[in-house]
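Visitor: Have a look; sequence and predicted model below, questions after that.
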Amino acid sequence: MATGSLGLTTLRAALGASEGAATTPTRLLYIPVGALDTSGIQQFATIEDRRAWAKADGLAALYSGIEDNVIRLTNVPLSFQDAGFLLATVPGMVSGAGTGAGTPTTTDTSAYIRTFTPSQTVTAAGATGGYDLHLQFGMADLIGTVGWSLPGLRCTSLTLALNKRASGADTGVLLSGTWQTPKTATQIVAFTGTLSDRAQTMIIGNNLKSYVDSTYATIGTTADANIMSALWQWQRAAMFHDGMDATGLHTSMHFPGQQTNTLQLTRKFSDTVELAAYIARTRRAVRIINEGAVVGAVSAKNTLRLDFVGDPVNHTHVAQDDMLYATIDYEGVHDATLLSSWSIYSINSIATGYSTA
C-alpha cells in the first residue's frame, strides 16, 4: 500500500514557456529530502462567520479566502548544472544570448558561459525579465493517488552559503531560497514528460577563492585568503494584485519594491585593513569564485563566480578556533559598470538554454 515515503520524493521542473504556464518538465531536480519544505502549499486565508446568537459556540461556518503557495529550499548542495537553472527564476534576470536562461556563449569548444545580472528596470516574466518555474513534485509510491503541479513560481529570496570547510552532506556551497506564485496548486495523479537521470557535478568548498578590491574595475586582482566563509543573501518581495475576477486566486504577482542584498564575510583578523575600511565606509568589490574540473576542450573549467559591490555596514569581532576573526557585513550598492550590485557568472557543459533543458 502506498505510504507517501519521503525517500521516494521526486521533483520535476521546467522554466515556463509563458507566465504561469504548466510547461512540461524538462529536468529532474536533485534536492535532498530534508531540504524541501512544502508546508506552504495550498494555504488559504480563513474567513469566519462568528455570531452573537445566544449560543456558547460562536463559530457558525468557515470559508476559504485567497490561496497562497510557497516553496522553500534550505541548504541544498549546489551543482554547476543547476545553479543557473534556479538563478533564471530571479525577477529581472535578463535572458538573452549568453545570459540567464538564454542560449549560452561557447568557449573552449565545449564549455558554455552564462551571466546572471538582474535588470534594474524589468521584472516581468519572459526573455527580458527572467522566467518562472513550473514544479511537479510528489512521492513515487503515492503518485497514483496524489502529487502536485505548481506553475508560476518566481524566486523571492536567495541565499548562498560559501564555506571552504565541507564534509558529509555539506559540500561547502549551499543554496537556500523561497519561491512564490499567484497560481493554484493542482493535485495530479501522474507526472508529465519523459525524463532520465542527468549528470550533476557538485561545487566543492575546497575550491573556493576570494578577492577583495576597491572598485569593480579591478575586481579579482587582490586575493584574500584570510576569508574563510561568505554568506550572500538576496531578496525582492512579491506583491499580489487581487482583482475582482470571481476566483480565490491572486490575479497577478509583481515586484514593485527594490531588491536588497548583503554579503557577510568571516575573515581572520590578521591586519586592520578591513577594519579601517569599515570605519571609513570604503566601498568594496568582492569576487568569490569556484572552479571545478575541465569541461572545455583545453582549459575551461566548471565555474561559479559571485561578483558583489557594496559598502561595509558592520565589523564585529568573533572567536573562531581560538583565534580572532571578524564578521564584516556589506550592503549591495549599484555599480555603473556592473549595472547592478551583484552578478553571477557560470561555466558548465550544458549547451542548450535553461528554458529548453
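Guide: Perfect, I can see it now. Numbering: from 1, shown residues only.
Visitor: only C-alpha atoms for contact and neighbour calcs from this point on.
Guide: Will do.
Visitor: and residue 241, how many neighbours does it have?
Guide: When neighbours are defined as other Cα atoms under 10 Å, residue 241 has 12 of them.
Visitor: all strands for the stretch 151-300 of the chain, in order.
Guide: Using DSSP state E, counting those that start in this stretch, the strands of the stretch 151-300 of the chain run over 173-181, 186-188, 208-213, 227-235, 239-241, 252-254, 260-268, 284-294.
Visitor: Please, which helix or strand holds residue 304?
Guide: Per DSSP states H and E, residue 304 falls inside strand 301-320.
Visitor: Quick check: buried residues in that strand?
Guide: Using 16 or more other Cα atoms under 10 Å as the test for burial, strand 301-320 gives 301-312, 314-315.
Visitor: State the mean pLDDT of that strand.
Guide: Here strand 301-320 scores 97 as its mean pLDDT.
Visitor: How about residues contacting the helix or strand just after it?
Guide: Per DSSP H and E, strand 301-320 leads on to strand 323-332 as the next helix or strand towards the C-terminus. Strand 323-332 is contacted by residues 260-269, 308-319, 341-342 when judged by Cα atoms under 8 Å, 6 or more residues apart in numbering.
Visitor: now strand 323-332 and strand 260-268, what's the angle there?
Guide: Angle of strand 323-332 versus strand 260-268, following axes from the mean of the first three to the mean of the last three Cα atoms, to 10 degrees, is 160 degrees.
Visitor: who's in contact with the one residue sitting closest to the centre of the chain?
Guide: Centroid check for the chain by Cα atoms, centre = their mean gives residue 158 as the closest residue, at 4.2 Å. Residues in contact with residue 158, defined by Cα under 8 Å, 6+ apart, are 175, 176, 177, 178, 233, 234, 235.
Visitor: In TSV, list those residues along with distance to residue 146.
Guide: Below are the contacts of residue 158 laid out as TSV (distance: Cα to Cα, whole Å):
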residue	distance to residue 146
175	28
176	26
177	25
178	23
233	34
234	34
235	32
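Visitor: Looking at this structure, name the residue that lies furthest from the middle.
Guide: Within the chain, residue 54 marks the point farthest from the mean C-alpha position, 53.2 Å out by Cα atoms, centre = their mean.
Visitor: what's the average pLDDT for stretch 70-87?
Guide: For stretch 70-87, the per-residue pLDDT averages 97.
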